[in-house]
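Colleague: here is my input; please provide its structure:
(2 chains)
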Amino acid sequence: MSSELPEQRGIQAAISVRGLGKKYEVFHSPTDRLRQTLTGHKRGRDIWAIKDVSFDVMPGEAIGIIGRNGSGKSTLMQIIAGTLAPTVGEVHIRGRLAALLELGSGFNPYFTGRENAILSGSIMGLSRKQMEARLPEIEDFAEIGDFIDEQVSIYSSGMHARLAFAVSVALEPDILILDEILSVGDAGFQQRCIGRLHQLLAGGVTLLFVSHAADAVKSICRKGLLLVKGEQVYFGSAREAVDLYFSSLRTQQSARSVQRYEELADRAANAAIIEPSGTDAAIDAEEPPPLAGRYGTGHAHFESVRCLDKAGRPREGFEFGEVVVLELTFKAATPILKLDVIVRIRDKSGVDLFGISINEEVPKAKLTHIAEGRGVRVIVEFINTFRAGPHGVTATLIRAPNRRIGGGEGVVTLDHIDTAAAFESLPRAQGVVRGKFQYPCRVSWEFVERPIDSNQTRASAAAFDDGPDDELVDERDS
Amino acid sequence: MSQLVIRTSIPTPLRAYLSPLPLVATLARHRGLIGQFTSREIVERHRGAYLGAAWNVINPLISLAIYTFVFGYVFKSRWQEASDGIGGQAIGGAFVLPFFLGHALFHFFSECVNRAPGLVASRPNLVKKVVFPVEILPVVGLLSSLVYPAVAVGCLLLVQMLLVGSVPPTALLLPLVVAPLVPLCMGISWVLATMGVYIRDVRQITVVLTQLAMFLTPVFYPVDRIPEQWRGVYMLNPVTIVIENARSVMLWGTWPNWLALGGVMLFGLLVMQLGYAVFMRTRQGLSDVI
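Modeller: Here you go, the predicted model:
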């Protein structure tokens, strides 16, 4: 990313963030804080809530900011909104900015909803009259009825959210910051918010949207910013950012379990199952940057995942009913016990249609041990019964829990690739696929003369036994 | 395109706020907000109480009753000038008027000082969660503190009419005489409001200090009780100057000492300007410590 400010290039960004960082000093006691202020001697511990964040938001763009709790999302929003001063770096803002940093916290609890709306307007520089003109619209959107004239302190959190959102939108800002606004409202309200946000975006509003709701981020935002421990890990397409976010969640989890595993492995008598050098850092250094949606410890890794036809030729399109041959090859960097390969077939919306584990499928020939440097080729065959459209293959190499050395420890993900391979299911020549895939079923049917209901006795049912049955058989055959 | 706003780590230097221009601009820009907050504050202060806003009037009345009782019947104190000033000999209960006027004005000062440290500290929401001009909070505090002296002076005028039968025409000068107290309290409020966030102990300290200040100010006793050799230093207290001159115009019907009042006004304006600068300079860091 270029470090010059966009205005120097002649484009006017609504928000430009450059090298932004926020440092907090944590002190052992308030006395330490006082001593440091007085003497200048460092007594506190530095914690960077956000570090070196730089990005531009063009007018009318929607940016989703994602990250785990404590990753610095809210700090970043507070700095942009102006309630918090950065430690380093700067933010340039063009346009009137409204921020919903925490639900309803901007409201004075002892004022009524109506008064709070007018106050919010005053803060933004709108006169009482201007705000009163917008009140019907606010009431309409908030749908809190007569509560608008009650003290905000008696509102439920949902009502807070409704009013806060309605007011912020009515302020007609150029830039809108929403920090976790949707999480409180009910489903109906969330839908209306999302609808309203789309309207605002169409009207040219610039949006900064913090949410844990991945779907909402993907649906509203075109771009995404991923923060991990205060650092900007990714800034680009929203979809990619969300995928990376979920990968990072899993990586952190697996990094934890790897650590635990290695501790246990050390203790085990026949150690050296996993080389000590095989830490995440070492793997990061020797391997090319990971693909989006690829994570794992790397103690074993896939070398190729391909879709083939029955003759073994690589193929992309498969007819309905045709056999798809998946070929996966992988290699172990260290000797590994209790290895397993999981393959999942995913549709384009990311739903897993089915998945298999090779050790469960072939219980008699379990892949229990693999020596260092050994390659393995796995073949999975299945019939394409999927609805027309692109489908992805997700491949995962795991190490199953080893009871011998530790017992009950979690599964370690050695390598995981989202959409390691893809194939296209071609439209069905005859008939349609009514679900995500056609499930093989046995179907039969017959005529019945009268609906059979529970009052009917066995005897009366038996009365029809002679005759009609034969007819049915005849008809079916013909 | 709208105005460019830049947020950086570099705080605006203190001297940027040392001119009256940003100060006046702040007050002018947020006058609507200040008005709304003040009117709400006055009503809200007694919210939940059965008598509600009526307490704004009841409080000074109760004080007046207590003062009459304590100083009139328990201490049987007599104000030296009272006999000369207020209609000569038969003043009945009017002995309480100088005490009460002093109390009303000092109450304004002490209320401002004692409330200021909590004005921002008690509203972390407005600092952290919303883009809110927190610098108006001390202004709101000051304006709502004006209610007490206003009501008290109103009661005083009534009592004076009843007991003495007349009010000297110089009483019309009272607002001018009291005016220097406003910028002074404003400046102190701004400083204490920001200090109260950084150092929470300030709240306790001000309570002690205002109590001390009350005895260093002629609220319960006339100035002439102070030994001659200390009088010069004693009269440097700006609150004393205001209270003494207020008594002159309200009760004795004499012309105020304009020179002394002018001095207090200048001093007050200086304190206000400094207080504003200190508040604005430190407000950037408020959200880090609140």
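Colleague: how about residue A:157, nearest residue that isn't a chain neighbour?
Modeller: In space, and not counting its chain neighbours, residue A:157 is closest to residue A:184: 4.9 Å by C-beta to C-beta, 6 or more residues apart in numbering or on different chains. C-betas here are computed from N, CA, C, even on glycine.
Colleague: could you pull up phi and psi at the one you found?
Modeller: The phi/psi pair for residue A:184 (degrees, to the nearest 10) reads phi -90, psi -40.
Colleague: point to the helix or strand of the chain where mean pLDDT is at its lowest.
Modeller: Just so you know, I chose chain A. helix A:280-286 (a mean of 35; mean pLDDT, DSSP states H and E).
Colleague: that's the wrong chain, I meant chain B
Modeller: Min over SSEs of chain B, mean pLDDT, DSSP H and E: helix B:82-85 (a mean of 47).
Colleague: which parts of the very next helix or strand once past that one are buried?
Modeller: Counting by DSSP states H and E, the next helix or strand C-terminal to helix B:82-85 is helix B:96-121. Neighbour counts over helix B:96-121 (16 or more other C-beta atoms under 10 Å in any protein chain shown) mark B:96-121 as buried.
Colleague: now swap in stretch B:131-144 and tell me
Modeller: So, applying 16+ other C-beta under 10 Å, buried residues of stretch B:131-144: B:131-144.
Colleague: ok, stretch A:25-37 next?
Modeller: Buried residues in stretch A:25-37 (16+ other C-beta under 10 Å): A:32-33.
Colleague: mean confidence for it?
Modeller: For stretch A:25-37, mean pLDDT is 75.
Colleague: hmm, who's touching that stretch?
Modeller: Stretch A:25-37 is contacted by residues A:41-47 when judged by C-beta atoms under 8 Å, 6 or more residues apart in numbering or on different chains.
Colleague: what does stretch A:197-211 give?
Modeller: A:14-15, A:57-66, A:73-74, A:77, A:80, A:95, A:169, A:173-183, A:216-217, A:220-221.
Colleague: quick one on the thing from earlier: most neighbours of all the contacts of stretch A:25-37, which one?
Modeller: Neighbour counts for those (other C-beta atoms under 10 Å in any protein chain shown) peak at residue A:43, which has 17 neighbours.
Colleague: got a pLDDT number for that one?
Modeller: So residue A:43 comes in at 77 (pLDDT).
Colleague: which residues does it contact?
Modeller: Counted by C-beta under 8 Å, 6+ apart, residue A:43 has contacts A:27-28, A:32-33, A:35-36.
Colleague: counting neighbours, what do you get for whichever residue of the stretch 351-478 of chain A sits closest to chain B?
Modeller: Nearest residue of the stretch 351-478 of chain A to chain B (C-beta to the nearest C-beta) works out as residue A:418 at 37.2 Å. The local packing of residue A:418 (other C-beta under 10 Å) involves 20 other residues.
Colleague: just checking, it is part of a strand?
Modeller: Yes - counting by DSSP: H, G, I helix; E, B strand; the rest coil, residue A:418 is located in a strand.
Colleague: ok, it to residue B:279 distance?
Modeller: 53 Å (C-beta to C-beta, to the nearest Å).
Colleague: show me what from the stretch 51-200 of chain A comes close to chain B.
Modeller: A:78-97, A:99, A:101-102, A:105-106, A:108, A:110-111, A:115, A:118-119, A:122-123, A:125, A:127-128, A:174 (C-beta under 8 Å from any C-beta of the partner chain).
Colleague: got any ranges where the chain has weak pLDDT?
Modeller: As the question left the chain open, I've gone with chain A. A:1-11, A:103-105, A:250-293, A:349-350, A:401-410, A:451-478 (pLDDT under 70).
Colleague: right idea, wrong chain: chain B
Modeller: In chain B, residues with pLDDT under 70: B:1-2, B:76-94.
Colleague: now the contacts of residue A:43 in TSV, with secondary structure?
Modeller: Shown next, in TSV, are the contacts of residue A:43 (three-state DSSP):
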residue	secondary structure
A:27	coil
A:28	coil
A:32	helix
A:33	helix
A:35	helix
A:36	helix
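Colleague: now the residues you listed in CSV, with distance to residue B:154?
Modeller: Listed next are those as CSV, based on distance: C-beta to C-beta, whole Å:
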residue, distance to residue B:154
A:27, 50
A:28, 54
A:32, 52
A:33, 47
A:35, 51
A:36, 51
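Colleague: of those, closest to chain B?
Modeller: For those, the closest approach to chain B (C-beta to the nearest C-beta) belongs to residue A:33, at 8.5 Å.
Colleague: all the helices of the stretch 101-250 of chain A, residue numbers only.
Modeller: Taking DSSP state H, counting those that start in this stretch, the helices of the stretch 101-250 of chain A run over residues A:113-123, A:128-142, A:157-170, A:187-202, A:214-220, A:238-267.
Colleague: quick one: residues in contact with the second one.
Modeller: By C-beta under 8 Å, 6+ apart, the list of residues contacting helix A:128-142 from outside reads A:113-114, A:117-118, A:120-122, A:148, A:159, A:162-163, A:165-167, A:169-170, A:192, A:196, B:32, B:36.
Colleague: now with 7 Å?
Modeller: A:114, A:117-118, A:121, A:148, A:162-163, A:166-167, A:169-170, B:32 (C-beta atoms under 7 Å, 6 or more residues apart in numbering or on different chains).
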